[in-house]
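Structure of the sequence below:
(one chain, ligands or ions: 2)
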Amino acid sequence: MARPQSRYVCQACAAVQLRWEGQCRTCGEWNTLVETVIREPERRRSKMGAVGPGAGRAGGGPAPQSLAGLREAEPTRTPTGISEMDRVLGGGLVPGSVVLVGGEPGIGKSTLLLQAAGGLAEGGSPDASGGSPSHEVLYATGEESAGQVRLRAARLGLLERPAGERIQVVAENEVGRICDLARDRRPEALVVDSIQTVTTDELEGPAGSVGQVRESALRLMELAKGEGIAVVVVGHVTKDGTLAGPKTLEHLVDAVLSLEGERTASMRLLRATKNRFGSTEEVGVFEMAEQGLAEVADPGRAFLAAADEHAPGAVVGATLEGTRPLLVEVQGLVAPGSYGAPRRTASGFDNNRLALLIAVLGRRAGISLGSHDVYANLAGGLDLTDPGLDLPLTLALASSLRDKLVPRDLIAIGEVGLLGELRPVAGLERRLREAARLGFRRAVVPKTRTPLPEIKGLEVVAVSNLREAIGRALKGGPPAAAGSGAGSS
Ligand code: TYD
Ligand code: MG
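Residues are numbered from 1 along each chain as shown. Ligands and ions are numbered 1, 2, ... in the order given. Model (predicted):
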């Protein structure tokens, strides 16, 4: 069998070249050549057998079956022992699945996965298909040395637990050797930290290049499907998504989880953006503590700002992440602009959305910010696209411009349309109930066709447009006291 060779394949037109070049000679596109392993045809067929949809067709593989006759067992799941993570996975890790855990560097991916490895090693069921009775978890680290992993494990208290024996750490970068080890030891799960450091000897490109990342991921998929071993892969993503690596993996793997938050703050949100074995609706909430990521007792209020700070420009909103309502503080700051175009800076929101809401405020609600610098921020380092945050955001800007407090026991929920009208959002009642539970007394919401049910302890103010909402939210709101403007008058 000849040694596999590598070629550069254009991702736009599939032309093949021997060497990397900036521009494809065939179609003229730039930066589309990706190093790819070219295999001998017969070897390729046997490889496809493990993964591709044409599995085993060459060797008299499975005959087609009628849709009605197919029986599909509920997948077995191995709990990770971290209930928030199991919740996001859909009940646990499925043997033979590949899960990509993405997030910015330093956010806590390695910590989460080492903790999960501990749980898997101690709680995995021995009779899960393909699972090993030894409950071993293989942890391949390319990012850190084995010693560094041990230090983290000590911090997480894993060394005194059975997991200390059962997690096998190997500092290895070459995907072939990682797979051989896994085939040999047949662990419950394989953790690869991270995909950007893994390479295959068959390609010449550097670790982290699209070709290396993709080929390594394919090998790990083959391992997972062929041996029934769950594979969890770490992938770094930068905030602006510049790193193409993990993005190209998303359609390959079974599930994509992302760990979000602000490195300097302690709260973390784990979200599934894709899940073949569960819903993508659920989120997990963690707090980065001294001994790793801890589950949060009351996730609904986890992302609210500290209770003793309240100033004009702060308005609380409620989002619905899956079935879980989360209350968040929206902060707006409006300052007279200096020369040139005014600044619009959004963190946690979409910049275009901010610009649009500023325009609606100016044209439909008489709040003109055309010559002001505008800053908008979502407390807690979250990044949310929930349209229900439009209303708290616009109220925060109005509150900041007029320097008037929005009462701190008031919550605002609603989407703002181009005409300044307010539109209801999904799960309004659930959000309101959570707000009432957390001590909010008043809610400004869009008028709905069917009246909302009574919610105990919460006065619901239904309004039909932005102008009215601003009037109601700022009315009677005490003027900002000098300085911090704390409390009520
Ligand atoms: P890490 O898991 O290394 O992040 P990633 O793998 O995503 O790059 O965690 C990074 C940060 O977490 C690091 O700055 C230290 C902090 N940390 C804690 O606060 N508590 C802990 O118990 C651990 C292990 C880490
Ligand atoms: Mg790491």
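
any idea how far residue 474 is from residue 417?
Distance of residue 474 to residue 417, computed by C-beta to C-beta, to the nearest Å: 21 Å. Quick note: C-beta positions are derived from backbone N, CA and C, even for glycine.

Give me every residue in this protein lying close to ligand 1.
By the rule C-beta under 6 Å from any ligand atom, the part of the chain lying against ligand 1 is 103, 105-111, 152, 155-156, 288, 290-292.

So which of those residues wins on neighbours?
Ranked by the number of neighbours (other C-beta atoms under 10 Å), these place residue 109 first, at 25 neighbours.

quick one: which helix or strand includes residue 111?
Using DSSP states H and E, residue 111 sits in helix 109-123.

avg pLDDT for that helix?
Averaged over helix 109-123, pLDDT sits at 93.

Next up, the contacts around the closest residue to residue 145 other than its chain neighbours.
In space, and not counting its chain neighbours, residue 145 is closest to residue 171: 5.7 Å by C-beta to C-beta, 6 or more residues apart in numbering. Going by C-beta atoms under 8 Å, 6 or more residues apart in numbering, residue 171 touches 140, 141, 142, 144, 145, 146.

just the buried members of those?
By neighbour count, with 16 or more other C-beta atoms under 10 Å, those hold 140, 141, 142, 144 as buried.

Show the pLDDT at whatever residue of the stretch 151-300 of the chain ends up closest to ligand 1.
For the stretch 151-300 of the chain and ligand 1, the shortest gap (C-beta to the nearest ligand atom) falls at residue 292, measuring 4.0 Å. In this model, residue 292 is scored at 93, pLDDT.

Likewise for residue 8?
In this model, residue 8 is scored at 90, pLDDT.

isn't there a strand covering it?
Yes - according to DSSP: H, G, I helix; E, B strand; the rest coil, residue 8 belongs to a strand.

Toward the C-terminus, what is the element adjacent to the longest strand seen in the chain?
Using DSSP state E, we find that the single longest strand of the chain is strand 324-336. Downstream of strand 324-336, the next assigned helix or strand under DSSP H and E is strand 344-347.

So which bits of stretch 366-375 are buried?
For stretch 366-375, a neighbour-count test (16+ other C-beta under 10 Å) marks 367, 369, 372, 373, 374, 375 as buried.

Contacts only, for the first one.
With contacts defined as C-beta under 8 Å, 6+ apart, residue 367 is in contact with 361, 394, 397, 398, 401, 470.

Okay, and which of these map to helices?
Among the contacts of residue 367, the residues falling in helices (DSSP state H) are 361, 394, 397, 398, 401, 470.

ok, of these, which come out buried?
361, 394, 397, 398, 401, 470.

Surely residue 252 is in a strand?
No - according to three-state DSSP, residue 252 belongs to no strand; its state is coil.

returning to what we had before: wait, which of the buried residues of stretch 366-375 is closest to ligand 1?
Looking across these and measuring by C-beta to the nearest ligand atom, the closest to ligand 1 is residue 375, at 26.6 Å.

measure the closest one to residue 366 for me?
According to C-beta to C-beta, residue 375 stands 21 Å off from residue 366.

What of residue 310?
For residue 310, the distance to residue 366 - C-beta to C-beta - is 25 Å.

So in this structure, where's the weakest helix or strand by average pLDDT?
Using mean pLDDT, DSSP states H and E, the weakest-scoring helix or strand in the chain turns out to be helix 41-51, at a mean of 49.

show me where pLDDT drops low in the stretch 351-489 of the chain?
Low-confidence segments of the stretch 351-489 of the chain (pLDDT under 70): 476-489.

count of neighbours near whichever residue of it sits closest to ligand 1?
As assessed by C-beta to the nearest ligand atom, ligand 1 sits closest to residue 381 within the stretch 351-489 of the chain, at 13.5 Å. For residue 381, the neighbour count with other C-beta under 10 Å is 20.

hang on, it packs against residue 259?
No - at 11.3 Å, residue 381 does not count as touching residue 259 under the criterion of C-beta atoms under 8 Å.

In this protein, spot the helix with the most residues.
helix 210-227.

Please report phi then psi for the residue nearest in space to the middle of the chain.
A centroid search over the chain (C-alpha atoms, centre = their mean) returns residue 258, at 2.7 Å, as the residue closest to the centre. For residue 258, the backbone dihedrals are phi -130, psi 140 (criterion: degrees, to the nearest 10).

partner residues bridging it?
residue 102, residue 271 (DSSP bridges).

contacting residues for it?
Neighbours of residue 258 in contact, by C-beta under 8 Å, 6+ apart: 101, 102, 103, 237, 270, 271, 273.

can you check residue 422 too?
By C-beta under 8 Å, 6+ apart, the neighbours of residue 422 are 391, 414, 415, 416, 445, 446, 447, 463, 464, 465, 466, 469.

Tell me the one of those residues nearest residue 205?
Using C-beta to C-beta, residue 415 comes nearest to residue 205 of the contacts of residue 422, at 45.4 Å.

what's the nearest residue to the closest one if we skip its chain neighbours?
Per C-beta to C-beta, 6+ apart, closest to residue 415 is residue 387, 3.9 Å.

surely the one you found meets residue 424?
No - contact criterion C-beta under 8 Å: residue 387 and residue 424 do not qualify, at 10.0 Å.

okay, and the common contacts of those two?
residue 415.

Mind jotting down where the strands sit in the stretch 301-450 of the chain?
314-321, 324-336, 344-347, 372-378, 410-412, 415-416, 422-423, 442-446 (DSSP state E, counting those that start in this stretch).

deepest of the ones you listed, which one?
strand 410-412 (a mean of 27; mean count of other C-beta atoms under 10 Å).

Off-centre distance for that strand?
26 Å (C-alpha atoms, centre = their mean, to the nearest Å).

now swap in stretch 220-239 and tell me
Once both centres are worked out by C-alpha atoms, centre = their mean, stretch 220-239 turns out to sit 17 Å from its chain's centre.

Please apply the same query to stretch 186-196.
Centroid displacement of stretch 186-196 relative to its chain, using C-alpha atoms, centre = their mean, is 19 Å.

ditto for stretch 208-223
Averaging C-alpha positions (C-alpha atoms, centre = their mean) puts stretch 208-223 21 Å from its chain's average.

Show me the helices in the chain, by range?
Here the chain has its helices, by DSSP H, at 41-51, 83-89, 109-123, 146-155, 163-166, 175-185, 210-227, 244-249, 351-364, 390-402, 428-437, 466-474.

Please identify the most buried of those.
For those, average neighbour numbers computed from mean count of other C-beta under 10 Å are highest in helix 390-402, which has a mean of 27.

by how many degrees do that one and strand 324-336 diverge?
Helix 390-402 and strand 324-336 are oriented at 30 degrees to each other (axes from the mean of the first three to the mean of the last three C-alpha atoms, to 10 degrees).

For helix 390-402, C-alpha coordinates in PDB please.
Only the C-alpha atoms of helix 390-402 are listed here, as PDB (Å, rounded to 0.1, in the frame of the first residue of the first chain):
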ATOM      1  CA  ASP A 390     -34.900  45.400  22.500                       C
ATOM      2  CA  LEU A 391     -37.200  47.100  25.000                       C
ATOM      3  CA  PRO A 392     -34.800  47.000  28.000                       C
ATOM      4  CA  LEU A 393     -32.000  48.300  25.800                       C
ATOM      5  CA  THR A 394     -34.000  51.200  24.400                       C
ATOM      6  CA  LEU A 395     -35.300  52.000  27.900                       C
ATOM      7  CA  ALA A 396     -31.700  52.000  29.200                       C
ATOM      8  CA  LEU A 397     -30.700  54.500  26.500                       C
ATOM      9  CA  ALA A 398     -33.600  56.700  27.300                       C
ATOM     10  CA  SER A 399     -32.900  56.500  31.000                       C
ATOM     11  CA  SER A 400     -29.300  57.400  30.500                       C
ATOM     12  CA  LEU A 401     -30.100  60.400  28.200                       C
ATOM     13  CA  ARG A 402     -32.700  61.800  30.600                       C
END
